[in-house]
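Q: here is my input, please return the structure:
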Amino acid sequence: MGCDPPYVVPKYDKFCSIKGIAQLEELEKALAKKGLKDPWIRNEIWRYQPGFGTKMQKVWYLFFRGLPAGLALTIATVALEKTLGGGGHEEHEDHKKH
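A: Numbering: from 1, shown residues only. The predicted structure is shown next:
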């Protein structure tokens, strides 16, 4: 059909070496001091790639990604209620007694 995908799948060998990733190199050295080796450390390489963002960027995205849409919908809802006179906040007879 001739359509290009909207993203590029990275080559697998980009995620095969921990060289250049300080946190994982330190982990490997600390394990080596204890005589241990983590054969699955390569499975964590993707977490430290710059394209995935820092921890704070991930937290910001998690909590605030829907903020603009939510704020716009809230403003639209309040404006419609004020314009159309809705809301149903009239006092009832039993509330007036108090």
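
Q: which of the helices or strands spans the residue nearest the centre of the chain?
A: By Cα atoms, centre = their mean, the mean C-alpha position of the chain lies nearest to Leu62, the distance being 3.4 Å. Assigned by DSSP states H and E, Leu62 belongs to helix 55-64.

Q: which parts of whichever helix or strand comes after that helix are buried?
A: Per DSSP H and E, the first helix or strand lying C-terminal to helix 55-64 is helix 67-84. Neighbour counts over helix 67-84 (16 or more other Cβ atoms under 10 Å) mark no residue as buried. (C-beta placed from N, C-alpha, C; glycine too.)

Q: tell me the angle of helix 67-84 relative to helix 55-64?
A: Helix 67-84 and helix 55-64 are oriented at 20 degrees to each other (axes from the mean of the first three to the mean of the last three Cα atoms, to 10 degrees).

Q: and the gap between Gly35 and Glu28?
A: Separation of Gly35 from Glu28 (Cβ to Cβ, to the nearest Å): 13 Å.
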